[in-house]
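Trainee: Could you look at this predicted model? Sequence included:
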Amino acid sequence: MNASDDEQQLEHRVGPVPTGEPEFEPYHHPAAGWGAAKSVTKVLLRERELVDGPRAVMKMNHENSGFDCPGCAWPDDTKGLKLDICENGIKHVTWEMTGKRVGREFFAEHTVSELFGWSDFALEDQGRLTEPMAYDPETDRYVPISWKDAFEVVGAALRGLEDPNQAAYYTSGRLGNEATFLYQLMARELGTNNLPDCSNMCHEASGRALQASLGTGKGTVDLKDWEATDALFIMGVNVASNAPRMLTSLVEAHHRGAKIVHINPMVEAAARKAIVPHDFMDMALFKSTRTGSLNLQVRIGGDMALLRGIAKAVLEQAQSDSKALDVEFIERHTTGFEEYKALCETTSWEEIERQSGIARSEILKAARIYRDADRSIISWCLGVTQHEQGVSTVREIVNLLLLRGNLGREGAGPSPVRGHSNVQGNRTCGIDHRPAEEFLDRLAEVCRIDPPRKHGLDTVGTLRAMQRGEIKVFVGMGGNFALAVPDSPLAYRALRSCDLTVQVSTKLNRSHLVHGKRALILPCLGRTEKDHQRGGLQSTSVEDSMSMVHLSVGMKKPASPHLLSEPAIIAGMARAALPESETPWEWYVEDYDRIRDTMARVLDGFEDFNRRVRLPLGFRIKQPARELVFLTPSGRAEFSNSPLPDVVPEAGMLALGTMRSHDQWNTTIYSDSDRYRGVKNLRELVFMNKHDMRERGIGKLKPVDIVAHARDGSTRSLSGYLAIPYDLPRGSALGYMPEMNVLCALGDYSTESDQPIMKHLKVSITAAG
Ligand SMILES: Nc1nc2c(c(=O)[nH]1)N[C@H]1C(S)=C(S)[C@@H](COP(=O)(O)OP(=O)(O)OC[C@H]3O[C@@H](n4cnc5c(=O)[nH]c(N)nc54)[C@H](O)[C@@H]3O)O[C@H]1N2
Ligand SMILES: Nc1nc2c(c(=O)[nH]1)N[C@H]1C(S)=C(S)[C@@H](COP(=O)(O)OP(=O)(O)OC[C@H]3O[C@@H](n4cnc5c(=O)[nH]c(N)nc54)[C@H](O)[C@@H]3O)O[C@H]1N2
Ligand SMILES: [Mo]
């Protein structure tokens, strides 16, 4: 690639070329409902899937038949009866099932340099990849390669490394459990724990915080708890767009009389009212339900102060109200309460109001709801985690829950909303750059390998190592690493410095065009497709946000006869890299039950895996914290006591968060509209408070320059973005990923979680010069 590397703007569009003028009108309709239905029809038409699309949707997320919706990690309806679907799940599935194909003729027609100039939307819009391709530097084109030769290219490169740590193996959270297990086995048999994954960018903070506080790195509640709770606190998640099936739970909760508190700088669509997507009577009657009791528009990064305020209020209440705290629970199950109480007392209300951006009277309302609820659930996503203080904030969530014994009983507990459909399963099944010793011991014993003990690289670590020239081979098992990671120009340079980049993918994306000296595209089956191996039709398992593991079986004819399954591709690479390996790679791929039998012996909670995963709703992985068993050093749930960070922007500066629009799936863009936020034909925008705009002389839909100031003093900028006056706290601004990844400095990752700080950039915004 010869595109200029020094520019900070992305050198290509991400979204489609707009078909009309940018528009913005605040949205006042309920979430889901007919707007969603219309949007689905448009996508089905575009993907030429009007026949198969609806049929597939009927098969999605059904009790022990059909495939797991790859759209998100929200659990399936416990009753297993309803059609549990949503607009964005349908879009996501039809995106995979598209009738369009990108074959060898396409690659013969276009050089990689030319394709690099295309938008990311246009790249994926070409359809499904059909056969393995290798980069030919002579012609700057991808040319067909046989599977055998492709595996040999990978094998030779890996065998040729001086040190196995010169390779990194990235996982995106779509990968099923069986492939995940084989993938980490391959990396570790080769001798490295370099297993960066997308979770390093989303819920690393949640895992570390829950582990430290409760000894289990996952949420403790399930859907039954959601159905039983009295109060829901929904923090930093755009429910209607990113976890739409949660809308059903919110509507049910409201009907039951439960209170729902939304904590978000934006009043997102789900914080007002919703129409249950699969409730056809409600749809027909336009009957919407309120899904919010209280909105707290916290400033960016202000969640920890807000939580501290609620805790402070509950502790104050306890002076005159013997039921405000669950004293018995605190005494029996926790440690560190006195210190935390003292910390809450010394944190002043002025400080809490200033740091959260919320008036004390509003915080007291939330505290009242929390105090009056017998059972509370606190749920969160990226608005909480992608910050410097992500771990401390999640621990503060747990602190608040512990005060009233909201743990280990029905209807109560922490409930992180995970991202990719199997990102939680990936970690459970061994994708961890900091693996536990006990896990490695079991792996060594059962698989008879000698796994490395030294910790490996995560996502940020991999990019830094590439920058230093220490990574020669990069394998991307799904995802779109180049576009998803921070500091795009640096990331592009880093990837281009590799000797070999390998992408296992379903669709053409940026990571195929930002490549090493040699490069391979290895196309795989999607989750909706039939996976036939010697042992017959195979299924794979996935784990949802609430630790339920169940089977997913494809039902569609593969997009091309040349596709291989992910387990088969991993086995092919592993055999080529490890010709002498005693691991029965080929035998595993013949029948995934065999992989599961090995997993049952290695992984905690997977005993009798093959039988239990075939139970009607699968099985739930044991959650010690749920049973009030705390695998912490003290054997108790541990209160944390971190000081509040200073998150108030300096004079003239703003805090900028990067997030998704309604019509995108991470780096996959469906359109340039964001329906629930009232935006049309525009992605290159920044949402701002209207006073912040006026102060800077910026008009509605007028162009601005954005300069991000990194910790090391360097700056990154974007120009020509259009400002949208939005109901936001002063000092807070928001815009879209992945475009805004150019503003995220690689060095700006959380010292608590190593997660890139994607929700809190320090920026100055001025009217375009
Ligand atoms: N349709 C669809 N579904 C998806 C995805 C997708 O791209 N499209 N992505 C999947 C993945 S991988 C993930 S990780 C999840 C992501 O799901 P979300 O966490 O909902 O993702 P974002 O769009 O980044 O939204 C962040 C939300 O946090 C709010 N926010 C920003 N800063 C703060 C803050 O400081 N405090 C608080 N309280 N809130 C803040 C924003 O206003 C926004 O509502 O969704 C998953 N599901
Ligand atoms: N600035 C900023 N950056 C962010 C975020 C943010 O909030 N702000 N969020 C971060 C988060 S939470 C995440 S999870 C990452 C997302 O990072 P990734 O998971 O790396 O990216 P995706 O966009 O989900 O990957 C899309 C690609 O996956 C491939 N794919 C789809 N289905 C399959 C399949 O079944 N198998 C295989 N092998 N490939 C498949 C397709 O080729 C598609 O192009 O982005 C992160 N980046
Ligand atoms: Mo994610």
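Mentor: Done, it's in. Residues are numbered from 1 along each chain as shown. Ligands and ions are numbered 1, 2, ... in the order given.
Trainee: and the residue of the chain found nearest ligand 3, how many neighbours?
Mentor: Closest residue of the chain to ligand 3, Cβ to the ion: Gly419 (2.7 Å). Quick note: C-beta positions are derived from backbone N, CA and C, even for glycine. The number of residues packed near Gly419 is 22, by other Cβ atoms under 10 Å.
Trainee: Check whether it really touches Asn200, as I assumed.
Mentor: No - between Gly419 and Asn200 there is no contact under Cβ atoms under 8 Å: 11.7 Å.
Trainee: Which residue, other than its chain neighbours, is closest to the residue of the chain closest to ligand 3?
Mentor: Leaving aside its sequence neighbours, Gly419 sits nearest to Cys202 (Cβ to Cβ, 6 or more residues apart in numbering; 4.8 Å).
Trainee: The one you found reaches Gly390, doesn't it?
Mentor: No - using Cβ under 8 Å, Cys202 is not in contact with Gly390, being 10.0 Å away.
Trainee: Now do Ser421 against Trp74, distance only.
Mentor: When distances are taken as Cβ to Cβ, to the nearest Å, Ser421 and Trp74 turn out to be 9 Å apart.
Trainee: With Ser511 instead?
Mentor: In terms of Cβ to Cβ, Ser511 sits 27 Å off from Trp74.
Trainee: Equivalent analysis for Arg13, please.
Mentor: Taking Cβ to Cβ as the measure, Arg13 falls 31 Å from Trp74.
Trainee: Which one's more surrounded, the two?
Mentor: Trp74 (27 against 19).
Trainee: phi, psi of the residue of the chain positioned farthest from its centre?
Mentor: Centroid-distance maximum for the chain: Ser320 at 42.8 Å, with Cα atoms, centre = their mean. With angles defined as degrees, to the nearest 10, Ser320 sits at phi -120, psi 0.
Trainee: picking up where we left off before, ok, the residue nearest to Gly419 - how many residues close by?
Mentor: There are 24 residues near Cys202, going by other Cβ under 10 Å.
Trainee: and for Cys202 and Gly390, which residues touch both?
Mentor: Residues within reach of Cys202 and of Gly390 at once, by Cβ atoms under 8 Å, 6 or more residues apart in numbering, are Gln755.
Trainee: Looking at this structure, which strand is longest?
Mentor: Counting residues, the longest strand found in the chain (DSSP state E) is strand 715-725.
Trainee: What average pLDDT does whichever helix or strand comes after that one get?
Mentor: As assigned by DSSP states H and E, the chain's next helix or strand after strand 715-725 is strand 732-736. Average pLDDT, strand 732-736: 98.
Trainee: if you look at strand 732-736, does any of it touch ligand 2?
Mentor: No - Strand 732-736 lies out of reach of ligand 2 by Cβ under 6 Å from any ligand atom, never closer than 8.4 Å.
Trainee: Which residues outside that strand are in contact with it?
Mentor: With Cβ under 8 Å, 6+ apart, strand 732-736 has contacts from 265-266, 299-300, 357, 654-661, 664, 683, 685-689, 692, 706, 721, 726, 728, 763, 765.
Trainee: Distance from the chain centre to that strand, please.
Mentor: How far strand 732-736 lies from its chain's middle: 18 Å, per Cα atoms, centre = their mean, to the nearest Å.
Trainee: Repeat that for stretch 726-739.
Mentor: 19 Å.
Trainee: How about that stretch, which residues are buried there?
Mentor: Tyr726, Leu728, Pro729, Gly731, Ser732, Ala733, Leu734, Gly735, Tyr736, Met737, Pro738, Glu739 (16 or more other Cβ atoms under 10 Å).
Trainee: for stretch 443-459, same thing?
Mentor: Leu443, Cys447, Ile449, Pro451, Pro452, Gly456, Leu457, Asp458, Thr459.
Trainee: So which residues of the stretch 401-550 of the chain form helices?
Mentor: 423-428, 437-447, 459-467, 481-484, 488-496, 510-513 (DSSP state H, counting those that start in this stretch).
Trainee: wait, which of those helices is closest to ligand 1?
Mentor: Nearest of the helices of the stretch 401-550 of the chain to ligand 1, taken as Cβ to the nearest ligand atom: helix 423-428 at 6.8 Å.
Trainee: For ligand 2, what is the nearest residue in this structure?
Mentor: Counting by Cβ to the nearest ligand atom, the chain gets nearest ligand 2 through Gly479, at 2.5 Å.
Trainee: any idea how far the nearest residue to that residue once chain neighbours are set aside is from ligand 1?
Mentor: Here the nearest residue to Gly479 in space, its sequence neighbours aside, is Ser172; by Cβ to Cβ, 6+ apart that works out to 2.6 Å. As judged by Cβ to the nearest ligand atom, to the nearest Å, Ser172 and ligand 1 stand 9 Å apart.
Trainee: what about Ser172, how many neighbours?
Mentor: 24.
Trainee: For the stretch 101-250 of the chain, which residues are neighbours of ligand 2?
Mentor: So the stretch 101-250 of the chain meets ligand 2 at Glu124, Ser172, Arg174, Cys198, Met201, Cys202 (Cβ under 6 Å from any ligand atom).
Trainee: from those, which has minimum pLDDT?
Mentor: Lowest confidence among those: Arg174, with 91.
Trainee: these two touch, right, it and Arg527?
Mentor: Yes - using Cβ under 8 Å as the test, Arg174 is close enough to Arg527 to be in contact (7.1 Å).
Trainee: Pick out the shakiest of the helices of the stretch 401-550 of the chain, pLDDT-wise.
Mentor: Across those, helix 423-428 gives the lowest mean pLDDT, at a mean of 93.
Trainee: Domains in this protein, by residue range?
Mentor: The record's domain parsing of the chain by automatic domain parsing lists 5-27+650-767, 101-202+422-604, 204-416.
Trainee: Save those as TSV, and put in distance to Leu631 too.
Mentor: Compiled in TSV, the domains of the chain are given as follows (distance: least, Cβ to Cβ, whole Å):
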stretch	distance to Leu631
domain 5-27+650-767	20
domain 101-202+422-604	11
domain 204-416	3
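Trainee: hmm, back to that, biggest separation within the buried residues of stretch 443-459, which pair?
Mentor: Cys447 and Thr459 (25.8 Å; Cβ to Cβ).
Trainee: ok, now which ones touch Gly657?
Mentor: Pro265, Ile300, Gly383, Gln386, Ser732, Ala733, Leu734, Gly735, Met758, Lys759, His760, Leu761.
Trainee: Asp140 too?
Mentor: Thr111, Val112, Ser113.
Trainee: ok, of these, which one's closest to Pro616?
Mentor: Val112 (48.1 Å).
Trainee: any idea how far the closest one lies from Val504?
Mentor: 18 Å.
Trainee: More neighbours: the two, which one.
Mentor: Per other Cβ under 10 Å, whichever of Val112 and Val504 has more neighbours is Val504, with 26 against 20.
Trainee: ok, now how distant is the residue nearest to that one when sequence neighbours are not counted from Gly572?
Mentor: Counting by Cβ to Cβ, 6+ apart, Leu522 is the residue found nearest to Val504 once chain neighbours are left out, at 4.7 Å. Counting by Cβ to Cβ, the separation of Leu522 from Gly572 is 9 Å.
Trainee: Same check on Lys148?
Mentor: 8 Å.
Trainee: These two: which has the busier surroundings?
Mentor: Gly572 (22 against 10).
Trainee: ok, now which ones touch that one?
Mentor: Trp147, Ala150, Phe151, Leu564.
Trainee: next one: Ala574
Mentor: Leu182, Leu185, Met186, Glu189, Ser581, Thr583, Trp585.
Trainee: Next, give me the two most distant ones among those residues.
Mentor: Leu182 and Ser581 (11.8 Å).
Trainee: Which one of the two is surrounded by more residues?
Mentor: Leu182 (29 against 15).
Trainee: Please give the element, helix or strand, for that one.
Mentor: Judged by DSSP H and E, Leu182 forms part of helix 177-190.
Trainee: Give the other helices and strands that the very next helix or strand once past that helix contacts.
Mentor: The helix or strand immediately downstream of helix 177-190 is helix 204-214, counting by DSSP H and E. When contacts are defined as 3 or more Cβ pairs under 8 Å, 6 or more residues apart in numbering; DSSP states H and E, helix 204-214 sits against helix 382-385, helix 390-403, strand 413-416, strand 637-638.
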